[in-house]
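Participant: Pasted the sequence and its predicted model underneath.
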Amino acid sequence: MSRVPLATRSAACLLSALLAACTSTGPMTAAEPAQSPGARPAPITPDVGWPRTFAAVQAAWLFEDQKTFADAVPRRDPAQIEAAFAAAHARPDFDLRAFVDAHFVLPAPPPGTQVDRQPTLRAHIDALWPRLTRPRPAPLPHDSLLPLPHAYVVPGGRFREIYYWDSYFTMRGLVESGQTTASRAMLDNFAQLIDDWGHVPNGNRSYYLSRSQPPFFSHMVALEARDDPASAVRYLPQLRREHAYWMDGAERLAPGEAARRVVRLADGRLLNRYWDDREVPRPESFEQDRQTAAAATSRPAAEVWRDLRAGAESGWDYSSRWLDDPTRLDTIRTTTIVPVDLNSLLHHLESTITKACEQVRDADCAQRYTTMADARAEAIARHLWHADGYYADYDLRTRQPRAQLTAAALFALHAGIASPERARRTAEAVRRQLLRPGGLVTTAVDTGQQWDAPNVWAPLQWIAVDGLRRYGEHALARDIARGFIGNVQTVFDRERKLVEKYDADGALQGGGGGEYPLQERFGWSNGVTLALLALYPELERIPAEAD
């Protein structure tokens with residue numbers, strides 16, 4: 001593994017010293033964020049730029065949401081703020097909140113959740129898009145916000161920036177609303193992020209640059225290709241660059257080894273895992289991560305932090321899917337798990353590149369990516385199939401599929417790489433274990449984590465419905481869509497809003513769990529609702545109040 005640059009190590013050690021956790025003076029051996037050729041130098045994150053102030057504010061829980069101070073912007077040079085903090089913080093009359101107000105610009109609170117009353121769910125969503133649209137960002141000096149070339153649509157609530165996999169499902173809704181220009185602008189924003197940083201970060205914040213999220217860029221390109229068949233060719237450089245990011249280090253791996261996001265299994269086959277290039281608490285969940293690592297008495301804190309960060313890259317933050325003990329978040333082991341959803345998405349990326357190379361008559365490129373896509377499909381078939389009859393994640397420690405069935409199993413159907421028989425068996429297992437009155441739950445167990453039962457999440461409903469329809473499992477697909485749309489409609493009728501996640505059981509309400517309160521509006525719920533109504537127009541109805 002490569003060594004962390006000395007400047008990064010020193011800042012991280014200073015931060016950890018404040019938490020009584022930086023005890024080693026030897027060289028760090030965790031992989032640093034790889035800088036792609038031509039990419040911009042990575043900006044300083046808040047926990048590194050003003051570490052003593054940052055750690056003190058977050059440890060004091062000065063703000064209910066730890067993301068608030070992560071998004072704050074220094075009013076002057078951070079070194080001067082750090083010096084002022086060092087000089088003043090030990091004084092008896094020191095007021096930490098007054099210090100923050102004097103030296104930082106705090107983010108504006110989320111806008112009001114209400115829109116003008118609309119008669120239908122569809123009209124409400126159409127009216128939400130302008131409320132969720134933000135102008136082209138112009139980051140201030142020392143801002144954690146990353147620049148983008150175009151206006152963009154945010155998820156809503158506390159999420160003031162774009163998020164990678166959220167945005168694909170938002171874009172589906174924009175297209176269904178006729179907002180194709182906005183959808184294309186979103187695609188160009190993501191292409192620019194790849195050009196600037198060598199990958200799509202979790203979101204356009206400096207503290208998200210050390211990780212990505214489920215790679216949906218090729219699906220965004222495919223969405224644009226509905227109107228422009230040449231889209232894949234136009235975005236081919238970015239498609240190939242994203243693939244290189246996920247496969248970085250593969251050529252140097254011996255069987256049984258892993259580096260960053262790629263693993264070579266004992267039989268020599270290549271697959272991918274989630275990873276984060278840093279091993280410190282997430283700035284946006286700083287104190288939560290510190291407390292989680294403190295509970296893991298038998299594991300190094302840095303290992304826990306890395307797995308928490310990798311869990312955030314997965315988008316499933318958090319789920320029993322990643323835990324050795326489903327009741328203990330400190331047993332998270334994301335980086336030792338090969339996920340079926342990630343590898344299904346990368347198969348789509350490789351297939352998309354293949355088709356684009358064929359369009360430009362680059363036979364060598366087409367053959368190279370065809371070979372990789374075929375090899376990945378074979379590896380998924382060999383290693384990510386559970387004998388009980390469903391696709392599952394692979395455990396690098398036990399060298400066998402993990403027993404748990406999750407909604408991620410349906411990504412293999414969505415990617416079209418399941419055999420008909422395996423698709424049928426997966427559908428049967430999903431119906432038995434994951435289908436509830438309000439849609440498809442993420443897992444069958446209720447742990448209090450937000451990516452476990454009883455929550456249903458919009459993106460997984462779309463993946464499931466699309467994948468099942470590909471294999472002729474129309475009854476189950478419609479049952480999932482009907483349950484989810486009915487859930488969304490019920491909450492809308494009662495509360496005139498859409499939310500980030502829903503409860504799948506009889507209550508038909510917003511979901512719970514997680515590190516923050518339930519968020520409203522919400523980009524991907526809006527998008528998936530419209531996309532499912534396009535498939536099943538008979539599910540759309542006028543709310544009772546408007547009859």
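Facilitator: Good, I have the coordinates. Numbering: from 1, shown residues only.
Participant: where exactly do the helices run in the stretch 51-200 of the chain?
Facilitator: With helices called from DSSP state H, counting those that start in this stretch, the stretch 51-200 of the chain shows them at 51-59, 67-70, 78-88, 96-103, 121-132, 164-176, 180-197.
Participant: could you say what helices and strands the third one packs with?
Facilitator: Contact analysis of helix 78-88 by 3 or more CB pairs under 8 Å, 6 or more residues apart in numbering; DSSP states H and E lists helix 51-59, helix 96-103 as its packing neighbours. For the C-beta atoms, the positions are set from N, CA and C on the backbone; glycine is no exception.
Participant: For Glu176, which residues are in contact?
Facilitator: 527, 530-531, 533-534 (CB atoms under 8 Å, 6 or more residues apart in numbering).
Participant: Name the member of these with the most neighbours.
Facilitator: Of all the contacts of Glu176, the most densely surrounded is Gly527 (29 neighbours; neighbours counted as other CB atoms under 10 Å).
Participant: buried ones in stretch 440-448?
Facilitator: Across stretch 440-448, burial judged by 16 or more other CB atoms under 10 Å covers 440-445, 447.
Participant: Give me the residue at the spatial middle of the chain.
Facilitator: Compute the mean C-alpha point of the chain, and by CA atoms, centre = their mean the closest residue is Gly315, 3.2 Å away.
Participant: Let me know the helix or strand that the closest residue to Glu540 other than its chain neighbours is in.
Facilitator: The shortest distance from Glu540 to any residue other than its chain neighbours is 5.0 Å, reached at Leu533 (CB to CB, 6 or more residues apart in numbering). If you go by DSSP states H and E, Leu533 is part of helix 523-535.
Participant: try Val465
Facilitator: helix 458-470.
Participant: and stretch 100-113, how far from the chain's centre?
Facilitator: Taking CA atoms, centre = their mean, to the nearest Å, one finds stretch 100-113 lying 24 Å from the centre of the chain it belongs to.
Participant: Please disregard the earlier target; I meant stretch 101-120.
Facilitator: Relative to the chain's own centre, stretch 101-120 is displaced by 23 Å; criterion: CA atoms, centre = their mean.
Participant: One more: stretch 76-83?
Facilitator: 32 Å.
Participant: tell me which residues in it are buried?
Facilitator: Quick answer for stretch 76-83 (16+ other CB under 10 Å): 78, 81-82.
Participant: quick one: contacts of that stretch?
Facilitator: 44, 49-53, 74-75, 103-104, 142.
Participant: One more pass at 6 Å, please.
Facilitator: In this structure, residues lying in contact with stretch 76-83 by CB atoms under 6 Å, 6 or more residues apart in numbering are 49-50, 52, 74, 103, 142.
Participant: Repeat that for stretch 392-400.
Facilitator: Under the criterion CB under 6 Å, 6+ apart, residues 336-340, 383-384, 386, 401-402 lie in contact with stretch 392-400.
Participant: could these be laid out in a markdown table, adding neighbour count?
Facilitator: Listed next are the contacts of stretch 392-400 as a markdown table, based on neighbours: other CB atoms under 10 Å:
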| residue | neighbour count |
| --- | --- |
| Thr336 | 18 |
| Ile337 | 24 |
| Val338 | 24 |
| Pro339 | 26 |
| Val340 | 28 |
| His383 | 21 |
| Leu384 | 24 |
| His386 | 21 |
| Pro401 | 20 |
| Arg402 | 19 |
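Participant: Would you reformat those residues as CSV and include distance to Thr68 and secondary structure?
Facilitator: What follows is the contacts of stretch 392-400, written out as CSV (distance: CB to CB, whole Å; DSSP: H, G, I helix; E, B strand; the rest coil):
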residue, distance to Thr68, secondary structure
Thr336, 33, helix
Ile337, 31, strand
Val338, 35, strand
Pro339, 31, coil
Val340, 35, helix
His383, 42, helix
Leu384, 39, coil
His386, 42, strand
Pro401, 41, strand
Arg402, 36, coil
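Participant: low-scoring pLDDT stretches of the stretch 201-350 of the chain, where are they?
Facilitator: Nowhere does the stretch 201-350 of the chain drop to pLDDT under 70.
Participant: so what's Ala415 closest to, chain neighbours aside?
Facilitator: The shortest distance from Ala415 to any non-neighbouring residue, by CB to CB, 6+ apart, is to Ser344 (4.0 Å).
Participant: Please pick out the residue of the chain most distant from its centre.
Facilitator: Of all residues in the chain, Pro92 has its C-alpha farthest from the mean position, at 42.8 Å, by CA atoms, centre = their mean.
Participant: Distance check, that residue against Ile81.
Facilitator: For Pro92, the distance to Ile81 under the criterion CB to CB, to the nearest Å works out to 21 Å.
Participant: Check Gln400 too.
Facilitator: The span separating Gln400 from Ile81 equals 51 Å under the rule CB to CB.
Participant: cool, and Arg541?
Facilitator: The span separating Arg541 from Ile81 equals 55 Å under the rule CB to CB.
Participant: same deal with Ala477?
Facilitator: Summarising the geometry, the distance separating Ala477 from Ile81, computed by CB to CB, is 54 Å.
Participant: and the residue nearest to Gly249 when sequence neighbours are not counted, bridged to which residues?
Facilitator: If you skip the residues right next to it in sequence, Gly249 has Ala259 as its closest partner in space, 3.5 Å away by CB to CB, 6+ apart. With DSSP bridges applied, the residues forming beta bridges to Ala259 are Val262.
Participant: Confirm for me that Gly173 is in contact with Gly527.
Facilitator: Yes. Using CB atoms under 6 Å, Gly173 makes contact with Gly527 at a distance of 2.9 Å.
Participant: Out of the helices of the stretch 51-200 of the chain, indicate the one that is most buried.
Facilitator: Taking mean count of other CB atoms under 10 Å as the contact definition, the stretch among the helices of the stretch 51-200 of the chain with the greatest mean neighbour count is helix 164-176, which reaches a mean of 26.
Participant: angle of that helix against helix 523-535?
Facilitator: Interaxial angle of helix 164-176 relative to helix 523-535 (axes from the mean of the first three to the mean of the last three CA atoms, to 10 degrees): 40 degrees.
Participant: Alpha carbons of helix 164-176, as CSV, please.
Facilitator: Extracted C-alpha coordinates of helix 164-176, given in CSV (Å, rounded to 0.1, in the frame of the first residue of the first chain):
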residue,chain,number,x,y,z
TYR,A,164,-24.0,10.8,-7.1
TRP,A,165,-26.4,7.9,-7.1
ASP,A,166,-29.3,10.0,-5.9
SER,A,167,-29.0,12.1,-9.0
TYR,A,168,-29.7,9.3,-11.5
PHE,A,169,-33.1,8.7,-10.0
THR,A,170,-33.8,12.4,-9.8
MET,A,171,-32.9,12.6,-13.5
ARG,A,172,-35.4,9.9,-14.3
GLY,A,173,-38.1,12.1,-12.8
LEU,A,174,-36.8,15.2,-14.5
VAL,A,175,-37.2,13.4,-17.9
GLU,A,176,-40.7,12.2,-17.0
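Participant: what about it, average pLDDT?
Facilitator: Average pLDDT, helix 164-176: 97.
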